[in-house]
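*Asks:* I'll drop the sequence and a predicted model, then ask my questions.
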Amino acid sequence: MAHSIYKKRIADSLLERKLKSTGAVLVEGPKWCGKTTSSEQQAKSINYVSDPVAFNKNLILAEMNINALLEGDKPRLLDEWQTIPQIWDAVRYSVDHSNGIGQFILTGSAVPLSDKEKEKIHHTGTGRITHIKMRPMSLYESGESNGAISLGGLFENAPKAIFSECNLQLSDIAYLICRGGWPIATNLEKEYALETAYSYYEAVTETDISSVDNVNRSPARTQRLMRSLARHQGTQATIIGIKNDMAANDISSLDEETVASYIDALKKIFVIEDMASWNPNLRSKAAIRTSDTRYFIDPSIAAAALGIGPADLENDLNTMGLFFETMAARDLRVYADALYGNVYHYRDSNGLECDAVIHLRNGKYALIEIKLGGQKLIDEGAASLNKLASIIDTDKMQTPSFKMVLTAVGSIAYKREDDVYVVPIGCLKP
């Protein structure tokens, strides 16, 4: 079922591994990020569940003989399964009674969360259905990163010296932030590629945020919320803070519960993906801040929400730094998935922080600061990394596998005398 032209995704190998170890795999993530196309590469048969031509027939089959929806060569792809939520239990039951591996691939761009839909799902699927989250393309997947520096390689054996050249300029990074990692946009000419994020933003605000759970939400209020989140990306802004920011432009009453429900809906359709805090063993008595850091799943969404383009970012480097942090978080998460890792942030009551901590399943971890570039910012990032490393209780956990300042620009990747790697994002791969 493979397409003739296909840019390989990091999630491809994750899906292949999952299909060899479990009965069914759920591939979830935002619309347009490539879930269906990637899943088609490994599927032997497909049911496009929400296809308008067949949807009514599928609904009838779901009530009369749901197993008919599952029939076909395996692995069978059930695309946008959540439009008929009872498919979940049917897949779980089929996997239970076939004892087969690699039976089904389910894809979805929303998590069913209305009470009516939840009633149609009776089992979590634990042990039968495993999950993969796909995001928009990292720079390595879309071809802008040369992949000279491997995160996995640094974890395995952090070398005493590294060297690689990166040709991406500040203007390139500004464009890539606004274009985003949408697969369709990576194949378009520059003047058209920037439209993809605006189309996505419009779909989210006009229809998707309401259709996810059939709750009518105001497009204008959704736009105000997304603009506020764009202004607060990379921070631990509270619901109250976001509500107050929105209230300045919202003539009707606005309460925290409403804001929280809108944010929850955006999470359910994978528009935003906050970053949890890291809680290491420390010698320091500082209190670790546990609030999540707010991020969009792709930086182009924030650019579209604020109506800004590459030139606007280049003219305001402070703002560009926040947008770059969101792009770096996206790429690091994609790469960490391939390494069986997760990405966290660290903040404590002494003001010490670390933008990203990649923590692997085997206990190894790396400390990463994200900076736009320039010697002053790199020095600040390196100092912060070394300070955090110095207060980690290495009697109770490992020392960091490596420390890195990840930059937007900078012509070379190298290792400093203080043991910190400096790596442009255009050199990175899993």
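*Replies:* Yes, it's here.
*Asks:* give the buried residues for stretch 364-381.
*Replies:* Neighbour counts using 16 or more other CB atoms under 10 Å place 364-373, 377-378, 381 of stretch 364-381 among the buried residues. Yep, even glycine has a C-beta here, placed from its N, CA and C like the rest.
*Asks:* mind checking how far it is from the chain centre?
*Replies:* Here stretch 364-381 is found 21 Å from its chain centre; the criterion is CA atoms, centre = their mean, to the nearest Å.
*Asks:* just stretch 137-155 next, same as before
*Replies:* Relative to its chain's centre, stretch 137-155 lies at 16 Å (CA atoms, centre = their mean).
*Asks:* next: stretch 421-430.
*Replies:* Distance of stretch 421-430 from its chain centroid, counting by CA atoms, centre = their mean, is 18 Å.
*Asks:* can you pull out the strands in the stretch 301-430 of the chain?
*Replies:* Counting by DSSP state E, counting those that start in this stretch, one finds strands in the stretch 301-430 of the chain at the ranges 341-347, 353-360, 365-371, 402-407, 412-415, 420-424, 428-429.
*Asks:* of the buried residues of stretch 364-381, closest to Val25?
*Replies:* Of all the buried residues of stretch 364-381, Lys364 has the smallest distance to Val25: 25.7 Å, by CB to CB.
*Asks:* against Glu417, how distant is Phe399?
*Replies:* Actually, residue 399 is Thr rather than Phe. Distance of Thr399 to Glu417, given as CB to CB, to the nearest Å: 18 Å.
*Asks:* among these two, which residue is more densely surrounded?
*Replies:* More neighbours surround Thr399 than the other of Thr399 and Glu417, with 10 against 6 (other CB atoms under 10 Å).
*Asks:* burial of Ile288, as a residue count?
*Replies:* 15.
*Asks:* I'd say it and His345 touch.
*Replies:* No. Using CB atoms under 8 Å, Ile288 is not in contact with His345; the gap is 10.6 Å.
*Asks:* quick one on the thing from earlier: can I get the buried residues of stretch 364-381 in JSON lines including distance to Ser145 and pLDDT?
*Replies:* As requested, these are exported to JSON lines (distance: CB to CB, whole Å; pLDDT from 0 to 100):
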{"residue": "Lys364", "distance to Ser145": "22", "pLDDT": "97"}
{"residue": "Tyr365", "distance to Ser145": "22", "pLDDT": "98"}
{"residue": "Ala366", "distance to Ser145": "18", "pLDDT": "98"}
{"residue": "Leu367", "distance to Ser145": "21", "pLDDT": "98"}
{"residue": "Ile368", "distance to Ser145": "15", "pLDDT": "98"}
{"residue": "Glu369", "distance to Ser145": "19", "pLDDT": "98"}
{"residue": "Ile370", "distance to Ser145": "15", "pLDDT": "98"}
{"residue": "Lys371", "distance to Ser145": "17", "pLDDT": "97"}
{"residue": "Leu372", "distance to Ser145": "17", "pLDDT": "96"}
{"residue": "Gly373", "distance to Ser145": "16", "pLDDT": "94"}
{"residue": "Leu377", "distance to Ser145": "20", "pLDDT": "96"}
{"residue": "Ile378", "distance to Ser145": "19", "pLDDT": "97"}
{"residue": "Gly381", "distance to Ser145": "20", "pLDDT": "98"}
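*Asks:* distance to Ser349 for those - can I get that in TSV?
*Replies:* Shown next, in TSV, are the buried residues of stretch 364-381 (distance: CB to CB, whole Å):
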residue	distance to Ser349
Lys364	27
Tyr365	21
Ala366	24
Leu367	19
Ile368	22
Glu369	19
Ile370	22
Lys371	23
Leu372	27
Gly373	29
Leu377	24
Ile378	26
Gly381	20
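*Asks:* which of the residues you listed sits closest to Tyr295?
*Replies:* Ile370 (11.3 Å).
*Asks:* need the contact list for the closest one.
*Replies:* By CB atoms under 8 Å, 6 or more residues apart in numbering, the contact set of Ile370 is Phe324, Glu325, Ala328, Ala329, Asp355, Ala356, Gly381, Val405, Leu406.
*Asks:* I am finished for the moment; much appreciated.
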